[in-house]
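In: sequence and predicted structure, then a few things I'm wondering about:
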Amino acid sequence: MHDRVDVSLLSAQEKDVNVSSGFSESVAQFKEFLAANGYPPSVVWVCPQDVLLIGTRQILVRISFPLRNERHAQAEFERGMKKQMGVLFSTLSHMDAATCRYTWVPADEEEAHRHLMPRAVKFSANTGDSRFLGKDVRNRLRWLWLQLKHRKRQECREELFLLYSKTSVLH
C-alpha cells in the first residue's frame, strides 16, 4: 500500500473517461490519448514481474505473455467498474513501436479517495523526466540471466507502477 503522492503523478497528463465505456472502447480511447501525448499507440500490457530495473533510466520488459496480461487487464477493468471505485490505465515505459502500460484498481474507498480516482476510467501518461525507455526481452533464457544479473536492483520495481496495488498481481 502506498501512502505517498508520486512526483511522476504531478507531471502526468490525465483524463477521466465515461463510466459506460467497455474495455475495448476504453482501450481504443487510451490509444488515442497515448498518441496525443507522444507515445506509440501500439500497447503491451505489463505487470511488475515483467519488468527489470538495470540501474539507468531504461527498464527491461519481458514480452512473453501478451494475451495473459491483456486478459488480466480486462479482468481488472471489469472488477474496478463493478466495484465503482475507478480503473487506472497508465503508462510505464515506451519502446520504439509500443507503449508498456498497466491497469490498477483501488483496493477500497479510502485508497480510491487517496489517489483521486473517479468512478470511471482514468488515463495517465508520464511526461518529461518521469518517462522511461523500455527495451524488450523476448528470449526466456536471456530473461532468466538478466533477472539473476540485476536481482539486487529490484527492490523499487513495484514503485514504477505509479499506484501499484497487491490486488493487481498476476497469479
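Out: Perfect, thanks for sending it.

In: make it CA atoms for all contacts and neighbour counts henceforth
Out: Fine.

In: put the alpha carbons of the longest strand anywhere in the chain into PDB.
Out: Of all the segments of type strand in the chain, defined by DSSP state E, the longest one is strand 87-94. Listed next in PDB are the C-alpha coordinates belonging to strand 87-94 (Å, rounded to 0.1, in the frame of the first residue of the first chain):
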ATOM      1  CA  VAL A  87      -9.800   2.000 -13.000                       C
ATOM      2  CA  LEU A  88      -6.500   3.500 -14.000                       C
ATOM      3  CA  PHE A  89      -4.800   2.900 -17.300                       C
ATOM      4  CA  SER A  90      -1.300   4.200 -17.100                       C
ATOM      5  CA  THR A  91       2.000   4.200 -18.900                       C
ATOM      6  CA  LEU A  92       5.100   2.500 -17.600                       C
ATOM      7  CA  SER A  93       7.500   3.000 -20.400                       C
ATOM      8  CA  HIS A  94       7.800   3.300 -24.200                       C
END
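
In: and the contacts of the helix or strand hosting R71?
Out: Assigned by DSSP states H and E, R71 belongs to helix 66-83. With contact meaning C-alpha atoms under 8 Å, 6 or more residues apart in numbering, helix 66-83 is reached by 19, 23, 44-47, 86-87, 102-106, 119-120, 168, 170.

In: what's the first helix or strand after the longest strand of the chain?
Out: Next along the chain after strand 87-94, taking DSSP H and E as the criterion, comes strand 99-104.

In: tell me the strands beside that following strand, with direction?
Out: strand 43-45 (parallel), strand 87-94 (antiparallel) (DSSP bridges).

In: from the chain's centroid, how far away is the helix or strand following that strand?
Out: Scanning forward in sequence from strand 99-104 by DSSP H and E, the next helix or strand is helix 109-114. Chain-centre distance of helix 109-114: 19 Å, with C-alpha atoms, centre = their mean, to the nearest Å.

In: other residues contacting helix 109-114?
Out: Residues from elsewhere that reach helix 109-114 (C-alpha under 8 Å, 6+ apart): 85-86, 106, 118.

In: by contact count, what packs against the helix or strand that it is followed by?
Out: The helix or strand immediately downstream of helix 109-114 is strand 121-125, counting by DSSP H and E. Applying 3 or more C-alpha pairs under 8 Å, 6 or more residues apart in numbering; DSSP states H and E, one finds that strand 121-125 makes contact with strand 13-17, helix 23-36, strand 87-94.

In: quick one: mean pLDDT for strand 121-125?
Out: Per-region confidence: strand 121-125 scores 88 on mean pLDDT.

In: and if you look at stretch 56-69?
Out: Average pLDDT, stretch 56-69: 84.

In: can you check stretch 142-159 too?
Out: 84.

In: what does stretch 24-41 give?
Out: Mean predicted lDDT for stretch 24-41 stands at 90.
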